[in-house]
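fold the following and give me the result.
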Amino acid sequence: MSLIKISKRNKIIVSLIATILIFVGYYLAIYKSFSYQSNNDTIGNIMMIISIGLFPMLWLNISENSKWKKYVYVIPMVIVGIIIVIVTITKKKEYLEKELDKYGQKAVGKIIGFEVEHTRRSKFEYATFKYKYKNKQFIQKTENFDNEYKIDQILNLKISKRNPEMFKIIETEK
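As a prediction, this is how the structure comes out:
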C-alpha cells in the first residue's frame with residue numbers, strides 16, 4: 001500500500017516537468033557556467049539528479065518494497081548521479097574547446113589576487129585575474145596548484161568572441 005496516492009495523470013504531468021528540468025539543468029551546467037563565481041554547473045547538476053530521481057519515486061511503489069529493495073533503488077540513483085556529473089564535466093570541456101576553436105581570440109590577463117574556498121574536507125586555492133575585451137573588463141579565476149601564480153603575473157589567454165567569459169590560459173609569463 002502506497003503512502004500517497006497519485007493519479008496517473010498527475011504522474012505524467014510531474015514526469016513532463018521533471019523532463020523539462022533535466023534539459024534546463026543540462027543547459028545551465030554546460031552553457032551558462034563560465035562566468036566568475038557562477039554556480040550554474042552545480043545548480044544544473046542538482047536539477048538533473050533530483051529530476052531523474054523523481055521517475056522511480058513516481059512510477060515504482062517504493063513504500064511497498066522491502067528494506068533490501070530500497071537499497072537496490074538507492075545504489076542505481078547514486079550511480080546515475082555520478083554519471084551525470086562526469087558527463088556534464090566532459091561536455092562542458094568539449095563545448096569550451098569547440099567554442100574557442102571556432103571563436104577564439106588572444107587576450108592578455110593579469111593576476112590581481114587569490115581566493116580560497118573551503119569545503120568540509122578540503123580547500124581549493126584560486127588565482128583571480130582580470131582581462132579586457134572590447135573595452136569591458138572581466139574577472140575570472142583559475143585553480144592555483146602549488147602556488148603557480150604570483151600577483152601582477154601576466155597570462156596569455158584565448159577567449160571566445162561570442163562569450164568573453166569563456167577562456168583558456170595558453171601560457172604564463174614568469
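
when you work out contacts or count neighbours from here on, use the C-alpha atoms and nothing else.
Will do.

heading C-terminal from whichever strand or helix holds Ile139, find the next helix or strand.
Here Ile139 sits within strand 136-143, counting by DSSP states H and E. Using DSSP H and E, the next helix or strand after strand 136-143 towards the C-terminus is strand 154-160.

whatever helix or strand comes next after that following strand pairs with which strands, parallel or anti?
The C-terminal neighbour of strand 154-160 among helices and strands, as given by DSSP H and E, is strand 167-172. Strand pairing for strand 167-172, determined by DSSP bridges: strand 154-160 (antiparallel).

thinking again about what came up before, can you spell out which helices and strands pack onto the strand holding Ile139?
Packed against strand 136-143, as judged by 3 or more C-alpha pairs under 8 Å, 6 or more residues apart in numbering; DSSP states H and E, are the following elements: strand 123-133.

any idea of the angle the strand it packs on forms with strand 154-160?
70 degrees (axes from the mean of the first three to the mean of the last three C-alpha atoms, to 10 degrees).

what residues sit buried inside strand 123-133?
Across strand 123-133, burial judged by 16 or more other C-alpha atoms under 10 Å covers 125-131, 133.

just the angle between it and strand 136-143, please?
Comparing the axes of strand 123-133 and strand 136-143 via the same axes, to 10 degrees yields an angle of 160 degrees.

what sits up against strand 123-133?
Applying C-alpha atoms under 8 Å, 6 or more residues apart in numbering, the contact partners of strand 123-133 are 107-118, 137-145, 149, 164.

filter these down to the buried ones.
The neighbour count (16+ other C-alpha under 10 Å) marks 107-112, 114, 139-144, 149, 164 as buried among these.

Val80: what's it in contact with?
With C-alpha under 8 Å, 6+ apart, Val80 has these contacts: Ile49.

now the helix or strand containing it: mean pLDDT?
Using DSSP H and E, Val80 sits within helix 67-103. Helix 67-103 carries an average pLDDT of 87.

poorly predicted segments of this structure, please.
Residue ranges of the chain with pLDDT under 70: 1-4, 61-70, 72, 172-174.

excluding covalently adjacent residues, which one is nearest to the residue most central in space within the chain?
Among the residues of the chain, the one closest to the centroid is Asp41, at 2.1 Å (C-alpha atoms, centre = their mean). Leaving aside its chain neighbours, Asp41 sits nearest to Ala29 (3.7 Å; criterion: C-alpha to C-alpha, 6 or more residues apart in numbering).

ditto for Gln137
Spatial nearest neighbour of Gln137, excluding adjacent residues (C-alpha to C-alpha, 6+ apart): Tyr131 at 5.7 Å.
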